[in-house]
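Enquirer: Here is my input, please return the structure:
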Amino acid sequence: MKTNKKALCFGVAGILAMIFVISFASAAITISSIQNPSVYGNSFNVVLTTDQALDEQVTAMTIAPLNDGSGNSIIFNIPAILPLVPTGTSGITVPITYTTGNFNFNYIKTYSTIMTVNGTVSTNNINGDQKTVTFSQRPYCDNVSNNGNLRTEITDVKILSGFGDDDNYWYPMDEVEIELNIENDGNWDVKSIDVDWALYTTDGKKIADDELSTFKLKEGDDKTLTFKIKLDENIDDFENQDVVLFVKAKGTIDDNASVHDNEDTCDSDSTQVQMITDDNFVILENFELSGVALEDLTLENYSVICGEEIEFIAEVWNTQSDDEQDVSVSVYNKELGINQIVEIGDVDAFDKETLSVKVKLPSKIENKWYSLLFEVLDEDGDVFENSEDGISNYNVKFKVEGCNVKVAPLISAELGSEAKSGQELTVKTVVTNPGNSEVKYNVKISDYADWAELITPENTEIILKSGESKEISITFDTNKKAVGEKTFNVEVLSGNEVVAKQPVAVTLEKSTTEVKDFIVKNWKLIGIILLNLILVIAIIAVIVKIYRK
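Expert: Next comes the predicted model:
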């Protein structure tokens, strides 16, 4: 019986010990809060809570390192053994150590890592806890306040070239112009204002950045600045990404009466724009003509010669995320007789190939500006078109000189006076230059001698710009006997060569001025005759009167 009692006591004691151990084993350390993890701080606080009445200690706390992708890391230094307050809370300060250089928190990403804590009470392990440590996003003004009340605003976004639509969406290789307004909305002058900008993808990769001019703003003043971004760097970084443009103005408060005198002040702005990289789209970039770069698809301050063979070179860019096969380029100009298809082949995603095409210019063409139409074709021979209805075609302009072909002018004529024989006759002649370059002409009047004399000069020199017209007034002294249809010629000469000849017909009516001329020349004789006639009539009247009596 005693033996059974003893065994029973041991059994009860064993059960109680087991319950005691199990109670310790099920107890926990809880991470109550993580306070102020900052991108600018060198430590942050962690609050731990235990439910154990006995002394407890943390035997294992870990935080996974952070890496900025540029070779810099953050290591968190945690004490190896950390005592905790029984049945209460304990605070832990976790130092931050940068292992190499300066860890680069960028302005897009939010950084986070995992904290794990475990511990023991007496010699027994207890349950631990795990939480995420999140660092807030880095502001573009960093930790500089804005006591000077600068106001920085992106006021306009404009596509200069490419296929984007201002601030709605962009394509790789677009050129974008940004307009900013910087205003001093505070009560003090601000000096040494630097304006910075940076372009990031939404996954935090920096594409480009730059610094604009330094200036000063007095209280209430503002300043407008513009800058350009060419989206041609590492365009594969745009895949499945949008972009965020940051701008900031940072200066120094310059007012002895201010409590913030000589302190920095900063304000920033940003805009997010959609990047389109999921179309099937291939474009041409960076045209050259015979080794000379073209700006805005135009060859400025340089010309090519008639009959010359010229070579166009361009980059064939696949600006999208899918490879393209059997790409070709059509080159066309009807007036120059050019119609070619140039095979390019396969173009990998976000990669380029080279277009090289030689064309022979005709020798008998005008001295003027011409354009070649370049169209990028897909494997089916269709022109590439993106989802926003942009078409991959380009009109490349260049000037041709050294051509000897003379463009015939246009001649028209109309009467400028009555057409009667024996009188002056005026004909208005208009000469027009239909060509694309300035020319000098001599206008000559011929084949009129049998019915008139020329009063105006027989030759007139005129200079006409492209599309310009000039009127020449031609005056003849017609013969008295010249009646009916008469003709003369208007000849236009370039140098000694007749380049245009226009016959002009006029119909002369018989003039009524002969009787008048006779009266004017013989008025005395006519007067005597009329006087005698009157006397004769008077004598006859007297005779008749006497006879009747």
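Enquirer: can you give me the end-to-end distance of stretch 45-62?
Expert: Here the two ends of stretch 45-62 are set 14 Å apart, with distance taken as C-alpha to C-alpha, to the nearest Å.
Enquirer: any idea where the strands of the stretch 1-150 of the chain begin and end?
Expert: 29-35, 43-50, 56-63, 66-67, 73-76, 82-84, 89-98, 111-121, 124-135, 150-161 (DSSP state E, counting those that start in this stretch).
Enquirer: Same check on the stretch 401-549 of the chain?
Expert: When assigned using DSSP E, counting those that start in this stretch, the strands of the stretch 401-549 of the chain occupy the ranges 410-415, 424-432, 439-446, 452-454, 459-464, 469-478, 484-494, 497-508.
Enquirer: Turn the ones you listed into a markdown table, columns for mean pLDDT, distance to Glu288 and mean neighbour count.
Expert: All C-beta atoms are positioned from the backbone trio N, CA, C, and that covers glycine. As requested, these are exported to a markdown table (pLDDT from 0 to 100; distance: least, C-beta to C-beta, whole Å; neighbours: other C-beta atoms under 10 Å):
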| stretch | mean pLDDT | distance to Glu288 | mean neighbour count |
| --- | --- | --- | --- |
| strand 410-415 | 89 | 38 | 15 |
| strand 424-432 | 91 | 38 | 18 |
| strand 439-446 | 90 | 32 | 17 |
| strand 452-454 | 89 | 57 | 15 |
| strand 459-464 | 90 | 35 | 14 |
| strand 469-478 | 91 | 39 | 17 |
| strand 484-494 | 90 | 36 | 17 |
| strand 497-508 | 90 | 37 | 15 |
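Enquirer: Distance to Gln325 added to those strands, as JSON lines?
Expert: Below are those laid out as JSON lines (distance: least, C-beta to C-beta, whole Å):
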{"stretch": "strand 410-415", "distance to Gln325": "52"}
{"stretch": "strand 424-432", "distance to Gln325": "53"}
{"stretch": "strand 439-446", "distance to Gln325": "51"}
{"stretch": "strand 452-454", "distance to Gln325": "74"}
{"stretch": "strand 459-464", "distance to Gln325": "53"}
{"stretch": "strand 469-478", "distance to Gln325": "55"}
{"stretch": "strand 484-494", "distance to Gln325": "54"}
{"stretch": "strand 497-508", "distance to Gln325": "53"}
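Enquirer: Nearest to Asn72, out of those?
Expert: When the strands of the stretch 401-549 of the chain are compared for distance to Asn72 using C-beta to C-beta, the nearest one is strand 439-446, at 70.2 Å.
Enquirer: If you compare the directions of that closest one and strand 459-464, what angle comes out?
Expert: Going by axes from the mean of the first three to the mean of the last three C-alpha atoms, to 10 degrees, strand 439-446 is angled at 150 degrees with respect to strand 459-464.
Enquirer: which strands and helices sit next to strand 439-446?
Expert: Helices and strands touching strand 439-446, by 3 or more C-beta pairs under 8 Å, 6 or more residues apart in numbering; DSSP states H and E, are strand 424-432, strand 459-464, strand 484-494.
Enquirer: any chance of these in JSON lines, plus distance to Gly101?
Expert: Conversion of the helices and strands packed on strand 439-446 to JSON lines gives the following (distance: least, C-beta to C-beta, whole Å):
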{"stretch": "strand 424-432", "distance to Gly101": "74"}
{"stretch": "strand 459-464", "distance to Gly101": "71"}
{"stretch": "strand 484-494", "distance to Gly101": "75"}
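Enquirer: can you give me the helices in this structure?
Expert: Taking DSSP state H as the criterion, the chain carries its helices at 2-26, 513-521, 523-548.
Enquirer: what's the least confident stretch among these?
Expert: Note on the helices of the chain: helix 2-26 shows the lowest mean pLDDT, a mean of 41.
Enquirer: Surely Asn393 and Leu373 touch.
Expert: Yes - when contacts are counted by C-beta atoms under 8 Å, Asn393 is listed as touching Leu373 (6.4 Å).
Enquirer: ok, back up a step: for Tyr111, which of the helices and strands packed on strand 439-446 is the nearest?
Expert: Comparing the helices and strands packed on strand 439-446 by their distance to Tyr111 (C-beta to C-beta), the top pick is strand 459-464, with 72.2 Å.
Enquirer: just to revisit the earlier point, out of the strands of the stretch 1-150 of the chain, which gets nearest to Asp264?
Expert: The closest of the strands of the stretch 1-150 of the chain to Asp264 is strand 150-161. By C-beta to C-beta, the value is 10.4 Å.
Enquirer: circling back: can you tell me which of the strands of the stretch 401-549 of the chain comes nearest to Ala314?
Expert: Across these, the minimum distance to Ala314, taken as C-beta to C-beta, is reached by strand 439-446, at 34.8 Å.
Enquirer: neighbouring strands for the closest one, and are they parallel or not?
Expert: Taking DSSP bridges as the criterion, strand 439-446 sits next to strand 459-464 (antiparallel), strand 484-494 (antiparallel) in its sheet.
Enquirer: List the contacts of it.
Expert: 406-407, 409, 429, 431, 433, 454, 456, 458-464, 472, 474, 488-494, 499 (C-beta atoms under 8 Å, 6 or more residues apart in numbering).
Enquirer: That strand vs strand 410-415, what angle?
Expert: What separates the directions of strand 439-446 and strand 410-415 is an angle of 40 degrees, with the same axes, to 10 degrees.
Enquirer: Strand 439-446 versus strand 424-432: what angle between them?
Expert: Our comparison of strand 439-446 with strand 424-432, counting by the same axes, to 10 degrees, yields an angle of 150 degrees.
Enquirer: okay, the angle between strand 439-446 and strand 497-508?
Expert: Angle of strand 439-446 versus strand 497-508, following the same axes, to 10 degrees, is 40 degrees.
Enquirer: Just the CA atoms of strand 439-446, as CSV, please.
Expert: Coordinates of each C-alpha in strand 439-446 appear next as CSV, following Å, rounded to 0.1, in the frame of the first residue of the first chain:
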residue,chain,number,x,y,z
VAL,A,439,16.0,83.3,-110.9
LYS,A,440,16.9,86.3,-113.1
TYR,A,441,15.0,86.7,-116.4
ASN,A,442,15.1,89.1,-119.3
VAL,A,443,11.7,89.9,-120.8
LYS,A,444,11.9,90.8,-124.5
ILE,A,445,9.1,92.0,-126.8
SER,A,446,9.3,91.0,-130.5
